[in-house]
Every structure is written in structure tokens, then in C-alpha cells.
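Participant: Below are the sequence and a predicted model for it; my questions follow.
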Amino acid sequence: MSKREKIIYLSVGVAYLILFIGLIPAHYKICEINQYTEHEHCTAYQVLPFLFIKVQKILNSLGVAITALATIAIAAFTYYLKKSTDKLWDAGERQLTHLKDASERQAKDMESTIAAAQESNRLNRDAFITTQRPWIAARVEIAGPLEYDVNGLNVSAFFYLTNTGNSPAIHVNVYPQVAAPAIGVDNIFDVRGIIQNSITQRRNALLSPWGSTIHPAQTNTEKYKIVSISKDELTRITQKVKYIHPVLIVVIEYRFVFDAGVHFTAFALDIEQWSPQGRKSIAPSDGNIPPQELRFQKSFAGGEYAD
């Protein structure tokens, strides 16, 4: 049997029951006293109307009690509604606190993750630069005589610049100079200090837009005529001793495509005079020295620098 059929049968049964009750003979009376005549008047009713009237009278007599009970029920409902609302509010506050704590933990975790990623990127970048960057090595040879003129001492040299790294070196520039100690005049002659000062000056200077590009395993040859010891400086350093010990100081500057920094290779070479009889002291009073008598030797006073 379907649900629809059950509803139909139930409705028909209820209708028959009401009809049956309505057909029961009147055996019940309801009596009322007339307020004007003060006589009791009774009316006979069938079962169904009689029950309806009786229930209505009972409900009317209980109206105050029902209202009180309803008020109590409403008050109780309001109280429990407040309690439920408070619990809901507390639950919401706890949820917000939990979400706040979770958000703060997530933010800290994210910050840690970002910091770790940045550090990883920095390490990867440093590793990439270290393994892929260019490195410039240099070899220097005599390219002409050591001469004295109105400008002072000057010497010519070939610079063979080789890129031993894995990437092109750009803006390659050579900054050579010649210096000599003033024996008996100056207390010290600091070749390392001269090299460091030269590098510091180049780091603080504007980046040069010029210079050559040297690819990996490629060698560039450049020739320079170096004038560094002026005529007045020659006079000063030969006040006590007539001989000089010139040192060629070389600073090579270059850059890397993927690195904004500047790199340097620096070293010092002693300029020596050699004759068939052996090494000779260099005296400005002896005049120019032909290239075949000149040599560049590694200077232990200056050391080497590369970054």
C-alpha cells in the first residue's frame, strides 16, 4: 500500500468516526442560569457538540493558569536561549582565538619558509657565481726600454690577460703604476698598502663603461706605457741613495654579467736590470735602459690579490 492510499484511508476513517459520534442521540445537557430571570435553563446536546463546549469552558476557566504557565515557559525558553547564546558566543571567541593563533603560527612558518628560500637562493646564487664567474690571470713582459724624460720615469709593458673562468669577463681594465722606495727618507715602503689603496679607490669610483670583454679561455694582449714616478719624485727618492728599486704594481678590474660587484686581480713585480755580468742596480743618472736588459720578477714585498 502506497503512502497516498494510507492517507486517503485514514481521512475516510476519521470522517466516519466524526459522523458516527455526531449521530449518537442527545443524552447530555448543559444548564445555565439566566442573569435576568434567575431561572436555570438546560439545553440538550449531542456528544460531539457537548464535548466541544465542555472543553472550551474548561480552557476558559484555565486561561490565567495557562497564561502563567506560558509566561513561565517563555521565561525558561529565554533563559535557556541566553545560555545557549552565551555558549555560542564563547565557542565563537574560542574559535576566533584558535584562528588567530593558527594564523600567527602560519605567518611565522611562512616567514621562516621565505627566509629559508631566500637563504637557499642566496647560497645557490653564490655557488653559481663561484663556479661560473670569470677569473682573470695576467702575465707581464717588457715591451720597451725604461726611459727618463721630462715626465720622469716610464716603462712599457705587454699585459697578457687570460680568462680562466667559465663566463665572459666584461669591462676589463688594467691600472698599472710604478713606485719606488725613498731609502733613507721614508721609514717604510708598503707595497701591499699601495695595492689595497688602489683597489679601494677603484671600488669607490664610478663604474667604468669602457674596457674589453674576454671570453673563457681567451687571452687579450694590451700594451701600456706606464708613467708613474715623476721627475720631482725621482729627485726626492734619490736624496740619500742614488739607486732606485722600482716596483710595477698592477691592478686589473673586471665584472661579471650576473654579478653587480667588481672583481680585482692585483700583484707586484720588481723591475730589474740585468747585464751579461749579472744584475745591476738602477741609477737614474745612468740614463735609459734597453729592453733586453730589463726583467720583471715577482715581488715578495707585495704579494698577490684576487677576488
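Facilitator: Structure's in. What do you need?

Participant: Would you check how far apart Leu234 and Lys242 are?
Facilitator: In this structure, Leu234 and Lys242 are 11 Å apart, going by CB to CB, to the nearest Å. The C-beta positions use only the backbone N, C-alpha and C, and glycine is treated the same way.

Participant: Kindly report the same for Val185.
Facilitator: 13 Å.

Participant: Pairing partners for the longest strand along the chain, with directions?
Facilitator: In terms of residue count, the longest strand belonging to the chain (DSSP state E) is strand 259-275. Sheet pairing of strand 259-275 (DSSP bridges) gives strand 247-256 (antiparallel), strand 278-280 (antiparallel), strand 294-298 (antiparallel), strand 304-306 (antiparallel).

Participant: pLDDT of the longest one, averaged?
Facilitator: Which is strand 247-256. Averaged over strand 247-256, pLDDT sits at 95.

Participant: tally of neighbours for Asn154?
Facilitator: Taking other CB atoms under 10 Å as the criterion, the count of residues near Asn154 is 18.

Participant: go on, Tyr175?
Facilitator: 17.

Participant: Look up the residues forming beta bridges with it.
Facilitator: Val251.

Participant: Tell me the spacing between it and Val251.
Facilitator: In terms of CB to CB, Tyr175 sits 4 Å off from Val251.

Participant: Overlap in contacts, these two.
Facilitator: Ser198, Arg202 (CB atoms under 8 Å, 6 or more residues apart in numbering).

Participant: picking that back up, looking at Leu234 and Lys242, which is more packed in?
Facilitator: Neighbour tally, Leu234 and Lys242, criterion other CB under 10 Å: the higher count belongs to Leu234, 15 against 12.

Participant: what helix or strand is the more buried one on?
Facilitator: helix 231-237 (DSSP states H and E).

Participant: Determine how far that helix lies from the middle of the whole chain.
Facilitator: Relative to the chain's own centre, helix 231-237 is displaced by 55 Å; criterion: CA atoms, centre = their mean, to the nearest Å.

Participant: Right, I'll call it a day here.
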